[in-house]
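Asker: With the sequence up front, the predicted model follows.
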Amino acid sequence: MLSDSFDRDDIVSSMFQEGDVQENILRPKMLHDFQGQERIKTNLEVFIKAAKERKEALDHVFLIGPPGLGKTTLASIVSNEMGSEIRMTSAPALDKPKDLAGILTNITENSVFFIDEIHRLKPALEEMLYIAMEDFEIDWVIGQGPSARTMRIPIPHFTLIGATTKAGMVSSPLQTRFGITFRLEFYSEKELSDIISRSAGIINVKIEDEAVRMLAKCSRGTPRIANRLLRRFRDFAEVKGEGVITPKIVNESISSLGIDLNGLEDQDRNILRTIIDFYGGGPVGAETLSISVGEAIESLEDFYEPYLIQKGYLKRTPRGRMVTGRAYVLLGMEDKMPKNIDSDAQGLLFE
């Protein structure tokens, strides 16, 4: 069959392929277990229930947000709630049209097809996906030269879930074909505290309430980071404590890991310090800054900048990146602060 020659295990999987085993254990399986993103959960519950009552595939879903906020987890939850199969891949793994054709001809009726980093999908694959999303068919060219002809192959109705950290890089024709669009936001400390408490119960580690609150504060509003730090703090608690994560253990752990209670890492502070020392506080372009701090521009824009901007230490301007007065205070560099910058320092540290 056409599909048999296309399907490859290294391109698509029905299992999670990112993170370690414990991270997958901590992922919620159903909507009621998913903490935070309440508006998304409420709307998604309605859409899923309506699709199940009509016995149809859920409309295509577009998930936007920084890394670690739960886009992959939500895709798996949709599959579980719909009681359907899920096939998972990432756009960089799809190299040729036959890769995508192999997946689409092998999926089952009303199943979920998840593409991570969909902004990196090649134009030729996008065009094939347009028809698949709208008409549930794919065009395939048979033969070569003057004798070549196009055959339209029907495929099962499915739900495409596309995830991206860079919505602006997804072409407009592709974006408009998603019937449901959700933008995931950073989590509040209360939501992260709930996630940490749940995860602690799953991996069977004891953690004091104050330690939960401290851990939530230094998790950068991101569940993936919260769970990662929880596992590392558990290690410190077992080796240097009595197996219980206490506020003292948290303080010792973040000191060893180079993290502060605002969630800033050494590289965060290095970025701010570089802008102040080398570029007078800015503005400085992203490419220049990435070279100066030795960080890939993708990591700078996707991981470091969003949190620094959210916390008020950095701002983007048409001319480039600039630090704010809060950054000078954080680094103890008030003597270099221009007089026209409002430090906004009240309650800055560990607020």
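Answerer: Perfect, I can see it now.
Asker: Now for the residue nearest the centre of the chain: which residues touch it?
Answerer: Centrality entry for the chain: nearest residue to the mean C-alpha point is Pro67, 2.5 Å, by CA atoms, centre = their mean. Applying CB atoms under 8 Å, 6 or more residues apart in numbering to Pro67 gives the contacts Thr165, Thr222, Arg224, Asp302, Phe303. The way it works is simple: take the backbone N, C-alpha and C, and place the C-beta from them, glycine included.
Asker: Next: Lys248.
Answerer: Gly241.
Asker: Next: Tyr279.
Answerer: Applying CB under 8 Å, 6+ apart, no residues qualify as near Tyr279.
Asker: before we move on, what about Gly281?
Answerer: Contacts of Gly281 by CB under 8 Å, 6+ apart are Ile275, Met322, Val323, Tyr328, Lys336, Met337, Pro338, Ile341.
Asker: Tell me, how many residues neighbour the first one?
Answerer: Under the neighbour criterion other CB atoms under 10 Å, Ile275 is assigned a count of 24.
Asker: mind checking how far the strand or helix carrying it is from the chain centre?
Answerer: For Ile275, the host element (DSSP states H and E) is helix 266-279. Helix 266-279 sits 25 Å away from the centroid of its parent chain (CA atoms, centre = their mean, to the nearest Å).
Asker: buried stuff in that helix?
Answerer: Gln267, Asp268, Arg269, Ile271, Leu272, Arg273, Thr274, Ile275, Ile276, Tyr279 (16 or more other CB atoms under 10 Å).
Asker: pretty sure the fourth one is touching Val293, no?
Answerer: In this case it means Ile271. Yes: using CB atoms under 8 Å, Ile271 is in contact with Val293, at 5.4 Å.
Asker: joint contacts of the two?
Answerer: Joint contacts of Ile271 and Val293 (CB under 8 Å, 6+ apart) are Leu300.
Asker: Just the C-alpha atoms of the helix holding Ile275, please, in CSV.
Answerer: Extracted C-alpha coordinates of helix 266-279, given in CSV (Å, rounded to 0.1, in the frame of the first residue of the first chain):
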residue,chain,number,x,y,z
ASP,A,266,23.1,33.1,36.0
GLN,A,267,22.6,33.6,32.2
ASP,A,268,19.6,35.9,32.9
ARG,A,269,21.8,38.2,35.0
ASN,A,270,24.6,37.9,32.5
ILE,A,271,22.3,39.1,29.7
LEU,A,272,21.2,42.2,31.8
ARG,A,273,24.8,42.9,32.9
THR,A,274,26.1,42.7,29.3
ILE,A,275,23.5,45.2,28.1
ILE,A,276,24.5,47.6,30.8
ASP,A,277,28.3,47.2,30.7
PHE,A,278,28.8,46.9,26.9
TYR,A,279,25.9,48.8,25.5
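Asker: Provide a list of residue ranges in the stretch 251-351 of the chain with pLDDT below threshold.
Answerer: Judged by pLDDT under 70, the stretch 251-351 of the chain has its weakly predicted residues at 340-351.
Asker: any chance you could map the strands in it?
Answerer: Applying DSSP state E, counting those that start in this stretch to the stretch 251-351 of the chain gives strands spanning 314-317, 320-323.
Asker: Which among the contacts of Pro67 count as buried?
Answerer: Among the contacts of Pro67, the ones that count as buried by 16+ other CB under 10 Å are Thr165, Thr222, Arg224, Phe303.
Asker: Other residues contacting stretch 171-187?
Answerer: 35-37, 40, 43-44, 47, 58-66, 69-71, 74, 118, 121, 123, 126, 129-130, 133-134, 160, 162, 167, 195, 220-223, 306-307, 310.
Asker: Ok, stretch 260-274 next?
Answerer: By CB under 8 Å, 6+ apart, stretch 260-274 touches 214, 217-221, 225, 254, 258-259, 289, 292-293, 295, 300, 304, 307-308, 311, 313-314, 323, 327, 330-331, 333, 349-351.
Asker: taking the residues you listed one by one, which sit in helices?
Answerer: Met214, Lys217, Ile225, Ile254, Leu289, Ser292, Val293, Tyr307, Leu308, Ala327, Leu330 (DSSP state H).
Asker: Which two among those residues are spaced furthest apart?
Answerer: Met214 and Ser292 (32.1 Å; CB to CB).
Asker: Comparing these two, which shows the higher neighbour count?
Answerer: Counted by other CB under 10 Å, Met214 and Ser292 do not tie: Met214 has more neighbours, with 25 against 16.
Asker: Domains of the protein: list them as residue ranges, please.
Answerer: 21-183, 189-257, 266-336 (automatic domain parsing).
Asker: before we move on, back to that, can you tell me which of the strands of the stretch 251-351 of the chain is most buried?
Answerer: Most buried of the strands of the stretch 251-351 of the chain, by mean neighbour count (mean count of other CB atoms under 10 Å): strand 320-323, with a mean of 22.
Asker: what about the residue nearest to Asp194 when sequence neighbours are not counted, distance to Ser197?
Answerer: In space, and not counting its chain neighbours, Asp194 is closest to Gln35: 4.7 Å by CB to CB, 6 or more residues apart in numbering. The gap separating Gln35 from Ser197 is 9 Å, by CB to CB, to the nearest Å.
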